[in-house]
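Peer 1: Dropping a prediction and its sequence here:
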Amino acid sequence: MTQPFVSIIMPVYNVERYVREAIQSVLDQTYENFELIIVDDGGTDASIDICSEFTDPRIRIVHQANRGLSGARNRGIGLAKGSLIAFLDSDDRWLPSKLMLHTIHLTCNYHVDVSFSGSRLIDEDGNRLRVAMRPKLGKISASDIVARNPVGNGSAPVIRKSALDKIAFQHPRFPERTCYFDEDFKQSEDIECWLRLALSASANFEGIGGLLTEYRIVSGALSSNVVRQFESWERAIDKTALYAPDFIKKNKARAKAYQLRYLARRAASMGDGPFALSLSLQALVTFPKMILEEPRKTIITNLACLAARIMKPAQFAAFAGSWTGQRKAI
């Protein structure tokens with residue numbers, strides 16, 4: 001195989017239901033000069049057996065004891081041969097044109113370090129849902145990243161390896177490991193990394209049009225997961241404050257409010273109306289200007305959370321199916 005220009009990192013851990021679709025979406029790319037590094041993160045199901053069925057020479061499978069998503073990504077980046085690094089979580093999919101469009105974007109715009117695009121949500125069976133992530137694409141500042149995270153999810157960005165090298169550090173307990181993502185984070189590892197890229201490496205983020213990633217929504221999450229996600233987000237903010245205290249002081253209230261609003265929508269979609277309403281109201285109290293910055297989305301969120309609070313779960317599901325992403329796209 002010729003030297004790959006793009007290295008795709010795919011952590012795999014107990015995703016036997018979805019991993020075949022993820023790999024096939026990579027092999028269906030119109031851009032072909034890539035390597036796919038599958039990192040077996042110590043799972044116990046048939047995921048790696050499924051991965052081994054693919055015989056494309058661009059695929060490499062490496063094995064390790066479980067280190068979590070960040071540890072698997074770090075291992076893959078360390079083995080990468082490409083100048084560009086792309087991430088694909090093993091339950092998501094890409095549209096065939098994704099790598100081609102990001103490669104053109106980064107090749108033609110040397111000032112851009114992180115290229116990303118919007119994402120379509122899909123359900124557990126791979127059906128496209130009505131809800132999509134349509135982020136801000138241009139003039140991205142660190143304030144945008146901390147409050148709104150335009151990258152959206154871990155399967156959306158393609159990043160220059162040279163930018164990731166600027167934020168590399170040695171693992172504090174295992175100095176033989178080079179880390180790009182912080183392995184102490186089990187959630188919020190993406191936003192923590194994007195903030196280090198923006199603030200420590202002065203990386204430039206820029207998006208391109210289109211919904212090029214299909215981001216899977218898996219049911220069965222509990223409200224306790226929402227609490228853990230918020231606690232992890234706060235840890236990421238606290239870590240950022242250690243090296244950018246003025247930035248966090250200026251942006252924390254606004255960022256916290258948008259995070260609470262996002263989690264309110266998640267809680268409502270899981271049927272926990274009282275918790276959802278509490279989170280949405282707390283978001284408004286934390287940063288009242290939110291209703292001026294994004295009036296439509298803020299009002300809809302609060303009304304939906306109120307509806308989730310007063311309606312029975314079945315009624316709310318019928319009422320707000322498209323808002324929560326549970327109705328399929330036409």
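Peer 2: Alright, I've got the coordinates.
Peer 1: Return the set of buried residues in stretch 141-157.
Peer 2: Buried residues in stretch 141-157, counted by 16 or more other Cβ atoms under 10 Å: 142, 144-157. Every C-beta, even on glycine, is put in place using the N, C-alpha and C of the backbone.
Peer 1: can you check stretch 229-240 too?
Peer 2: For stretch 229-240, the buried set under the neighbour-count rule, 16+ other Cβ under 10 Å, comprises 229-230, 232-233, 235-237, 239-240.
Peer 1: Likewise for stretch 204-211?
Peer 2: Using 16+ other Cβ under 10 Å as the test for burial, stretch 204-211 gives 204-208, 211.
Peer 1: Among the residues you listed, which are located in strands?
Peer 2: In strands, defined here by DSSP state E, the members of the buried residues of stretch 204-211 are 205-208, 211.
Peer 1: now, which of these sits nearest residue 301?
Peer 2: Set against residue 301, the nearest of these by Cβ to Cβ is residue 211 (21.5 Å).
Peer 1: any idea how far the closest one lies from residue 97?
Peer 2: 11 Å (Cβ to Cβ, to the nearest Å).
Peer 1: do the same with residue 108
Peer 2: For residue 108, the distance to residue 97 - Cβ to Cβ - is 16 Å.
Peer 1: Those two: which is more packed in?
Peer 2: Between residue 108 and residue 97, counted using other Cβ atoms under 10 Å, the more crowded position is residue 97 (16 against 8).
Peer 1: Please tell me I have it right and that one contacts residue 30.
Peer 2: Yes: Residue 97 lies in contact with residue 30 (Cβ atoms under 8 Å); the separation is 5.7 Å.
Peer 1: Now do the shared contacts for these two.
Peer 2: Overlap of the contact sets of residue 97 and residue 30 (by Cβ atoms under 8 Å, 6 or more residues apart in numbering) is empty.
Peer 1: And for residue 175, the neighbour number?
Peer 2: Applying other Cβ under 10 Å, we find 8 residues neighbouring residue 175.
Peer 1: Spell out the secondary structure type for residue 86.
Peer 2: Under DSSP: H, G, I helix; E, B strand; the rest coil, residue 86 falls in the strand class.
Peer 1: Now do the contacts for it.
Peer 2: Listed by Cβ under 8 Å, 6+ apart, the contact partners of residue 86 are 6-9, 34, 99, 102, 157-159.
Peer 1: how about 6 Å then?
Peer 2: The neighbours of residue 86, taking Cβ atoms under 6 Å, 6 or more residues apart in numbering as the test, are 6, 8, 158.
Peer 1: Could you check how far the nearest residue to the first one once chain neighbours are set aside is from residue 240?
Peer 2: Read it as residue 6. Computed as Cβ to Cβ, 6 or more residues apart in numbering, the closest residue to residue 6 that is not its neighbour in sequence is residue 34, at 4.2 Å. The spacing between residue 34 and residue 240, counted by Cβ to Cβ, is 32 Å.
Peer 1: again with residue 17
Peer 2: In this view, residue 17 and residue 240 are 35 Å apart by Cβ to Cβ.
Peer 1: Ok, residue 177 next?
Peer 2: Taking Cβ to Cβ, one finds residue 177 at 22 Å from residue 240.
Peer 1: swap in residue 234?
Peer 2: Residue 234 is 11 Å from residue 240, by Cβ to Cβ.
Peer 1: And for residue 130?
Peer 2: For residue 130, the distance to residue 240 (Cβ to Cβ) stands at 34 Å.
Peer 1: And the pLDDT for residue 47?
Peer 2: At residue 47, the model reports a pLDDT of 97.
Peer 1: residues near it, how many?
Peer 2: 22.
Peer 1: Surely it touches residue 17?
Peer 2: No: proximity of residue 47 to residue 17 does not meet the contact threshold set by Cβ atoms under 6 Å, at 9.0 Å.
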